[in-house]
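Undergrad: here you go, sequence then predicted model.
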Amino acid sequence: MAIPILHRIIPLLLFLLLTLWPVSSSSLPDEYSDREALVQFRAALSDKSGSLGSWNATGSDFCRWAGVTCSRRHPGRVTSLNLSSLGLAGSISPVVGNLTFLQSLDLFNNTLSGDVYFTSQLHRLHYLELAYNDFSGDLPVGLCNCSNLVFLSVEANELHGAIPSCLGSLLQLKVLYLGENNLTGTVPPSLGNLTMLLQIALYQNQLEGTIPEGLSGLRYLQYIQASRNSLSGTLPPLFFNISSLQYLGFSSNKLHGRLPPDAGTRLPNLQVLRLGGIGNNFSGTIPASLSNATEIQVLGLARNSFEGRIPPEIGKLCPVSVQMGSNKLQANDAGDWEFLRYFTNCTRLQVIDLSDNTLGGILPSFIANLSRSIQWLSMAKNQISGIIPPGIGSLKGIEDLEFQGNNLFGDIPGDIGRLRNLKVLWLNMNNMSGGIPFSIGNLTQLLTLDLSNNQLNGSIPKSLGSMERLTNLDLSSNRLVESIPDVIFSLPSLTDSLLLSDNYLSGALPPKVGNLRRATTLSLSRNNLSGKIPTTLGDCASLVYLALDSNHFTGSIPPSLGNLRGLSILNLTRNALSGSIPQQLSNIHGLQQLYLAHNNLSGTIPQFLEKSSALIELDLSYNHLSGEVPSHGLFANMSGFSVLGNYGLCGGIAELNLPPCEVKPHKLQKQMLLRILLLVSGIVICSSLLCVALFLFKGRKQTDRKNATSDLMLNEKYPRVSYHELFEATDGFAPANLIGAGKYGSVYRGNLSLPSAVNVVVAVKVFTLQHASSSRSFMAECEALRNVKHRNLIKIITCCSSMDSRGNDFRALVFEFMPKYSLDRWLHPRIHEQTHKLSIAQLLNIAVDVADAIDHLHNNSCPTVIHCDLKPSNILLSADWTAYVADFGLAKLVGESIEKSGLSAGDSSTVGIRGTIGYVAPEYGAGGQASVVGDAYSFGITLLEMFTGKAPTDNMFREGLTLHLHAEMTLPEKISEIIDPALLHVEQYDTDAEILTCLSSVIEVGVSCSKENPSERMDMKHAAAKLNRIREEMRYDTIVRVLIPYLAIPKPSGSSLPPPQHRQTTQASIRIWMQ
């Protein structure tokens, strides 16, 4: 019996021995290997917060280290590494590949950088989260070897290059997040092989080409977000057959075509549809079948070419947000507004945007029956007529009401004063009549009130003095009478504008006007105001635009106006002012436009007007001025000034055709002149040869520069353009086409025909070569723009170096035209431009764009480029509010031979301070060299200006107080004291606390970048990363707040995704709905 038993036991023992021996014999080396891998992994990290303190314990059990999880089945083998949101910096060490049992790696929300490195050793890895870091380089092909990956997220990094097509071999993949990087190329068709895919995010990259048909065949797909790319072609119709789809986002691409007639028939789970945004051009009618997608919460079809009427069935959807603005939608009769009647049954509806269409007919009275939860209602820029329904006051939850640009008439209903939560009211550009209701003063939360361009009459109600948060009041272009109530000038919150022009207001301007210390724009033009201009007007230290023209003001120009140091435009035309032009106006160093025509001014033209470097327009016509007209500075060109109708003037440039000024020197003066002449003649004879030599040398140098410029044009293959073509394109450089002017030249708008297109709208920068540094500025800008390319750097189309019609040297650069002009115009707008306050989201996007651009110049450009003159006026804005850094006239290139580019050593730098007062780094004033931290300082000051509304040269900054110190002293508890009050209502869903948290983080970046000590400043790489994270957190908080009551994305059945320990289920569900 024993032998049969042994025959059975021995094989079993051998099997157990062979099975257990490798484990027992290798356990020590493997454990040792994982410990060593973790130690080396830690060595590549920077842990300033001390979160990895336990990792330094010698001899401790590394399986108990923070974020480390080991296998129970295989003791000592690391299976999970969760280091999310610990503030870690540094890079991923390649030794991570030695953790061969690793299943989950989570490094979410740190500041890790460098390349992403992975090898085929991580074959067990199925969860990889690297989002919200600073990783760069290409998306590693090694990821394709991790064949068990289920979750892959690398969004919100700086990755570039193409999406590897081999990702299509990861057949277990269910979540793929590649959004918010710099990925280029096309979307690989191989991604259509990922049949298990549930969610894919490709948004905010630079992807192009068509959308692969295979993506629309993924039958389990729940979420696809590819907005803000350059995808073209049509949207594959099979997307509308994926019954599991919950989010379909392709906004802001270059897509076109029509939506299928049955678009909503097979989408029972669809909650968000986003096809709007600048770039897309979907056309045709909106399918009525969308009403079958009954779960829709967000319907985003804005900025396309949809036409026809809005199907009544759409009103049955009852979404949270309806965005159909900027299309070609129509309404002609009551039946066409039936969709809106259905909306009155929607209790959760918060946003309706129908602006900028061709909707007509009578405004339905049942609009007053919309849900009390409605927060934003916009029907602006349509053709709607009728009256505003008296019951409008029932919309008690509304915060933003926009009816401007229609044909509405009748009175403003009195019960509009019941809208106690209203923050923005735009009724301008209609035909409304009657008086301004007294009850409007009940809108104590109002930030912007615009009733301009109507037929309103009567007086301005004193109840407006109750609006203690009002930042912008526009009552211009009406028929208002009587005097301006004193209470208007006592509103401490008026930080933006007070516009009362083009009315019939009378009486004196009260001294209380000096209380508007924070207002940037004051326009009282074309009224019947009389009396003297109050001297207290000089107390309005924040004014940028002041217009009192076309009234009946008398007396002299108050010298106190010289206290308005930030003033850019002053218009006192067509009054009865007398006396001389006060010398104190010379204190306004940034004054660009001065209009004093049609008054009774006397005396001579002050010399400071000739010496002003900022002044670009001056009108002194039809006064009683006498004496000599200057001939330098602004007075050297007829296009910039006018002195017509002053019959006592003489001299000036020849084009004025004025008589010469008489010169009668005394006898003593003649003797002195004779002595000087004898002395100078000897000096002249001695220096003649030297002058000739210098002249020849200079001519040769100019020839070299012209050749260098020609080389630049040939090297870049820019299209040839002549002076004559630019002259024709700008209508002879007409003042009407002048966009702006600076120290080195002027910028004109023009229409230029190029080989690639006809009548292209361009911006032409003409350099003023009379200025000694203009040629250097031209060469520096050519060289900088030739060496760098980035999506947020202004793109040069061509340049011109030739002769003008008089044979003088001519230099010009031609750029893309930016229809929104400069950021400076939006931060400190001119009255006639009718700009609005930018929102937090817009400012944050602009800040991120600029930070990314400067970061690229400093860290990704060869040679490194230092801008040296970053400020709001050098930040241009496109039609879609994308920011572009411009004006490289002072730029310095580091790391390349200067002679190679055609610039001499003297050309590469400027004498004196490099930059603009207020924005220039302190060390530059002490003779310091241009550096990247100098740009960081300028960026920090610009960032603080954007969010405080205060320029660094504001009159409040004196006696040692600077914008930097002003901001630093308020951190973190008193941040609301410096933030522009208008920004506290820009995100319609956020509470003030959430907004202030975001703004506090932004101000911290601005303060860190603008520290006085260069070594203590935050560099642009970290500033850009921090601002990107702030923006994403803000978007995330907004999405959570708005959509959390309506969206629930359950974990897919059978999913093996291990949820990261740092996130709650709700957060994980909501985060994918960003954008």
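TA: Cool, got the structure.
Undergrad: which non-adjacent residue is nearest residue 456?
TA: residue 478 (4.2 Å; Cβ to Cβ, 6 or more residues apart in numbering). Yep, even glycine has a C-beta here, placed from its N, CA and C like the rest.
Undergrad: show me how the record splits the chain into domains.
TA: Domains of the chain are assigned by automatic domain parsing as 26-209, 491-661, 699-817, 833-900+913-1044.
Undergrad: so for the chain, the centremost residue is which one?
TA: residue 846 (2.0 Å; Cα atoms, centre = their mean).
Undergrad: so that one sits in a helix?
TA: Yes: counting by DSSP: H, G, I helix; E, B strand; the rest coil, residue 846 falls inside a helix.
Undergrad: ok, now how distant is it from residue 406?
TA: Residue 846 sits 30 Å away from residue 406, taking Cβ to Cβ, to the nearest Å as the criterion.
Undergrad: got it, and residue 458?
TA: Where residue 406 is concerned, residue 458 sits at a distance of 22 Å (Cβ to Cβ).
Undergrad: which one of those two is surrounded by more residues?
TA: More crowded of residue 458 and residue 406, by other Cβ atoms under 10 Å: residue 406, with 23 against 14.
Undergrad: which one is the more buried one nearest to, not counting chain neighbours?
TA: residue 384 (4.4 Å).
Undergrad: same thing with residue 1030?
TA: residue 1001 (4.8 Å).
Undergrad: residues in contact with that neighbour?
TA: 1026, 1030, 1033 (Cβ atoms under 8 Å, 6 or more residues apart in numbering).
Undergrad: what secondary structure does it sit in?
TA: helix.
Undergrad: oh, and call the first residue 20 from now on, that's how I've got it
TA: All set: I'll call the first residue 20, so the last point we hit is now residue 1020.
Undergrad: where does it land on pLDDT?
TA: Residue 1020 carries a pLDDT value of 91.
Undergrad: follow-up on the earlier one: dump the residue contacts of the residue nearest to the centre of the chain.
TA: So residue 865 contacts 842, 857, 894, 896, 900, 902, 965 (Cβ under 8 Å, 6+ apart).
Undergrad: lowest-confidence member of those residues, which is it?
TA: Scoring these by pLDDT puts residue 857 last, at 84.
Undergrad: where's it, which helix or strand?
TA: Using DSSP states H and E, residue 857 is not contained in any helix or strand.
Undergrad: can you pull out the helices in the stretch 770-919 of the chain?
TA: For the stretch 770-919 of the chain, the helices defined by DSSP state H, counting those that start in this stretch occupy 793-806, 842-846, 859-878.
Undergrad: one more: the chain?
TA: Using DSSP state H, the helices assigned to the chain run over residues 21-62, 357-362, 626-630, 686-735, 742-748, 793-806, 842-846, 859-878, 941-944, 951-967, 982-987, 1011-1028, 1039-1062, 1084-1090.
Undergrad: mean pLDDT lowest for which of these?
TA: Looking at these, the bottom one is helix 1084-1090 with a mean of 39.
Undergrad: gap between the residue nearest to residue 425 and residue 676?
TA: 55 Å.
Undergrad: out of these two, which sits in the busier spot?
TA: residue 403 (23 against 7).
Undergrad: residues contacting the more buried one?
TA: Neighbouring residues of residue 403 by Cβ under 8 Å, 6+ apart: 378, 379, 380, 381, 382, 422, 425, 426, 427.
Undergrad: any idea how far it is from residue 355?
TA: If you go by Cβ to Cβ, the gap between residue 403 and residue 355 works out to 11 Å.
Undergrad: joint contacts of the two?
TA: Counting by Cβ under 8 Å, 6+ apart, the residues touching both residue 403 and residue 355 are residue 380.
Undergrad: number of nearby residues for the closest residue to residue 368 other than its chain neighbours?
TA: Nearest residue to residue 368 in three dimensions, chain neighbours excluded: residue 390, at 5.0 Å (Cβ to Cβ, 6+ apart). Using other Cβ under 10 Å, residue 390 has 18 other residues around it.
Undergrad: quick one, phi/psi of residue 390?
TA: phi -60, psi 150 (degrees, to the nearest 10).
Undergrad: doesn't residue 371 make contact with it?
TA: No: when contacts are counted by Cβ atoms under 8 Å, residue 390 is not listed as touching residue 371 (10.0 Å).
Undergrad: show me what contacts residue 873?
TA: 886, 889, 904, 954, 955, 958, 1039, 1043.
Undergrad: oh, that last question was meant for residue 772, not what I typed.
TA: Residue 772 neighbours (Cβ under 8 Å, 6+ apart): 744, 778, 779.
Undergrad: and the closest residue to residue 270 other than its chain neighbours, how far from residue 883?
TA: Nearest residue to residue 270, sequence neighbours excluded (Cβ to Cβ, 6+ apart): residue 296, at 3.7 Å. To residue 883, residue 296 is 34 Å away according to Cβ to Cβ.
Undergrad: then residue 1041?
TA: 17 Å.
Undergrad: now swap in residue 382 and tell me
TA: Counting by Cβ to Cβ - residue 382 and residue 883 are separated by 58 Å.
Undergrad: ok, the two, which is more surrounded?
TA: The neighbour comparison of residue 382 against residue 883 (other Cβ under 10 Å) goes to residue 382, with 21 against 18.
Undergrad: ok, that one touching residue 411?
TA: No: using Cβ under 8 Å, residue 382 makes no contact with residue 411, being 10.1 Å away.
Undergrad: check contacts around the closest residue to residue 303 other than its chain neighbours.
TA: Distances taken as Cβ to Cβ, 6+ apart place residue 277 nearest to residue 303, at 3.6 Å, with adjacent residues excluded. The neighbours of residue 277, taking Cβ under 8 Å, 6+ apart as the test, are 301, 302, 303.
Undergrad: tell me what residue 277 is bridged to.
TA: residue 302 (DSSP bridges).
Undergrad: what count of nearby residues applies to residue 122?
TA: So residue 122, with other Cβ under 10 Å, has 21 neighbours.
Undergrad: what's the pLDDT at the spatially closest residue to it that is not a sequence neighbour?
TA: Closest residue in space to residue 122, ignoring its immediate chain neighbours: residue 98 at 4.8 Å, by Cβ to Cβ, 6+ apart. The pLDDT attached to residue 98 in the predicted structure is 95.
Undergrad: check residue 669 too.
TA: pLDDT, residue 669: 94.
Undergrad: so it sits against residue 676, correct?
TA: No: between residue 669 and residue 676 there is no contact, the gap being 11.0 Å when judged by Cβ under 8 Å.
Undergrad: and the strands in the stretch 270-419 of the chain?
TA: 273-277, 291-293, 300-303, 317-319, 324-328, 340-342, 347-350, 370-372, 377-378, 395-397, 404-405, 419-421 (DSSP state E, counting those that start in this stretch).
Undergrad: in a markdown table: those, plus distance to residue 755 and mean pLDDT.
TA: Listed next are these as a markdown table, based on distance: least, Cβ to Cβ, whole Å; pLDDT from 0 to 100:
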| stretch | distance to residue 755 | mean pLDDT |
| --- | --- | --- |
| strand 273-277 | 33 | 96 |
| strand 291-293 | 40 | 96 |
| strand 300-303 | 32 | 96 |
| strand 317-319 | 39 | 95 |
| strand 324-328 | 32 | 96 |
| strand 340-342 | 36 | 95 |
| strand 347-350 | 31 | 96 |
| strand 370-372 | 34 | 94 |
| strand 377-378 | 30 | 96 |
| strand 395-397 | 32 | 95 |
| strand 404-405 | 34 | 96 |
| strand 419-421 | 31 | 95 |
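Undergrad: roughly how far apart are the residue nearest to residue 270 and residue 268?
TA: For residue 296, the distance to residue 268 - Cβ to Cβ - is 10 Å.
Undergrad: ok, residue 820 next?
TA: From residue 820 to residue 268 the distance is 47 Å (Cβ to Cβ).
Undergrad: over to residue 310?
TA: Distance from residue 310 to residue 268, by Cβ to Cβ: 20 Å.
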